[in-house]
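In: Quick one: sequence and predicted model below, then my questions.
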Amino acid sequence: MVPQLVSMPCAAEPFDEFEEAPGGAVTTSAGGAFELRPYEGRLGKRRQLRELLQTLEARFLESRERISNAFGPLCRVRKPVILWVHDAHPRLPGCRKPDGWAEALHDEQTTLGFHAEHFVNGDADLDLELDHELIHAAMRDRLGKLAYRKVPHWLREGLALYGAGQGDERLSHLAAGYGTSEDGDLVVKDPKDVIRPLESRKHSLASYAEDVLAVGAIEHEFGPEAVVLLYERVVRGVPYRKAIEAVTGLGWKRFRALAYGYSLAVARRMLLPGRATYASALGLYNRARRAATQRQAAEAKRLYLKAADRFEDFLDRHPESVYRRQALLLLARCWLRGDAADPLGADRVRECLRELLAERGPFRRQARELGGRLEK
Ligand SMILES: [Zn+2]
């Protein structure tokens, strides 16, 4: 059984270094702060892409301000940044991980690459990605290649996610991927099944939640200023365990235990409430899907509407749940497949989709697709 509900949108890729810089003409900004590389991909006629290119410059400058507000004046890339929107393709120099949303390349300059497809289809949010990659780039810029590599992956990602405000998003990915199986069974009996102490295994997509929670633990115990102080010490080249000790007063073992305890507590608070109701709704939804594939239309309709009731119940009783977005998406599908002819059902689908599209977060692309189908 695969403990995954719906496919997880891919995260921003870990910061990467490439040997080979992309060539081509660039437009330089008046102040020399950045350069824009022209877009040469297949999606140039798409409205979303044209908007993205038109606003890229202004949004880059805003992002630069936001991250220095978050982490102080040391959080700024000193050399010009090349902004490059391109189609994800493994053969393009600077695009070795096409599944990711954005990436950074370093030589004499910093190139931030954004994969056009993910921004056009609504999976990725440009402001978040700019903030995230710029925080990485500023650290890399201050530290240089070798010292930057000595900062462990969890801390680089934790600081970038925290500074970009991507914590909630990562935690909801954790919930989406690990809460419940396809059949609606509760796979994860305890958050310990998914959250591990720092540095206990290879860094993976799921560990992005641990990374941001570890930084969240510092904020929770010692205040947001402590995170800024930690950032400053790390970019000044203080070895990270010493920097953590200077800021928190805790040696590595004690800090690791604190971060783990905090992460488990947050995960318990987020993953457990309403999970049984959510799981039973999901179980019904999956039974409906199976009935539909076996061409039992009447049974499928009955199960979709029953699942819809249960998702409604879940959303009523747990409005703050991390499963909210998944539940809204599945509820919209239940109505659409159960009884889209019913005007009340169609209205409810629109409400769910409106809520999904109104805020940042996962499942926006799926919501957009469903919206398109509803209007047909
Ligand atoms: Zn990153």
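Out: Looks like it came in fine. All figures in this text were calculated on a predicted structure; none of them were measured in a lab.
In: Could you give the bridge partners of the closest residue to residue 40 other than its chain neighbours?
Out: In space, and not counting its chain neighbours, residue 40 is closest to residue 86: 7.2 Å by CB to CB, 6 or more residues apart in numbering. C-beta: built from backbone N, CA, C; applies to glycine. As for beta bridges, residue 86 partners with residue 115 under DSSP bridges.
In: My read is that residue 86 contacts residue 111, right?
Out: No: using CB atoms under 8 Å, residue 86 makes no contact with residue 111, being 10.3 Å away.
In: Those two: who's more crowded?
Out: The residue with more neighbours, out of residue 86 and residue 111, is residue 111; 23 against 20, by other CB atoms under 10 Å.
In: Within the helices and strands, which one has the more buried one?
Out: Residue 111 belongs to strand 110-115 when assigned by DSSP states H and E.
In: cool, and residue 225?
Out: Applying DSSP H and E, one finds residue 225 within helix 224-235.
In: which parts of that helix are buried?
Out: 226, 227, 228, 229, 230, 231, 232, 233, 234, 235 (16 or more other CB atoms under 10 Å).
In: what's next to that helix, contact-wise?
Out: For helix 224-235, the external contacting residues (CB atoms under 8 Å, 6 or more residues apart in numbering) are 70-72, 74-75, 138-139, 142-143, 151, 155, 159, 162-163, 215, 218-219, 240, 242-244, 246-248.
In: Just checking, which helix or strand succeeds it along the chain?
Out: Going down the chain from helix 224-235, the next helix or strand is helix 240-248, by DSSP H and E.
In: per-residue confidence averaged over that following helix?
Out: The pLDDT scores in helix 240-248 average 98.
In: sorry, back to before: the strand holding residue 111 packs against which elements?
Out: Strand 110-115 sits against strand 81-86, strand 102-106, helix 126-150, with contacts defined as 3 or more CB pairs under 8 Å, 6 or more residues apart in numbering; DSSP states H and E.
In: who wins for proximity to the ion among those?
Out: Checking those against the ion by CB to the ion gives helix 126-150 as the closest, at 5.5 Å.
In: Report the distance from the closest one to the chain centre.
Out: 17 Å (CA atoms, centre = their mean, to the nearest Å).
In: Residue numbering should commence at 44 henceforth.
Out: Sure thing, new numbering starts at 44, so read that last one as helix 169-193.
In: Hey, what's the angle from it to strand 124-129? Just curious.
Out: Here helix 169-193 runs at an angle of 120 degrees relative to strand 124-129 (axes from the mean of the first three to the mean of the last three CA atoms, to 10 degrees).
In: Helix 169-193 vs helix 267-278, what angle?
Out: Going by the same axes, to 10 degrees, helix 169-193 makes 50 degrees with helix 267-278.
In: and the angle from helix 169-193 to strand 145-149?
Out: Going by the same axes, to 10 degrees, helix 169-193 makes 40 degrees with strand 145-149.
In: avg pLDDT for the one helix or strand residue 342 maps to?
Out: Following DSSP H and E, one finds residue 342 within helix 340-360. Helix 340-360 comes out with an average pLDDT of 94.
In: how far does that helix sit from the chain's center?
Out: The chain centroid and the centroid of helix 340-360 are separated by 29 Å under CA atoms, centre = their mean.
In: Please name every helix or strand in contact with that helix.
Out: helix 318-336, helix 367-382.
In: Looking at these, which is nearest to the ion?
Out: When the helices and strands packed on helix 340-360 are compared (using CB to the ion), the closest one is helix 367-382, at 22.0 Å.
In: list the buried ones in the helix or strand just after that closest one?
Out: Scanning forward in sequence from helix 367-382 by DSSP H and E, the next helix or strand is helix 386-401. Neighbour-count burial for helix 386-401, with 16+ other CB under 10 Å as criterion, is recorded at 388, 389, 391, 392, 393, 395, 396, 399.
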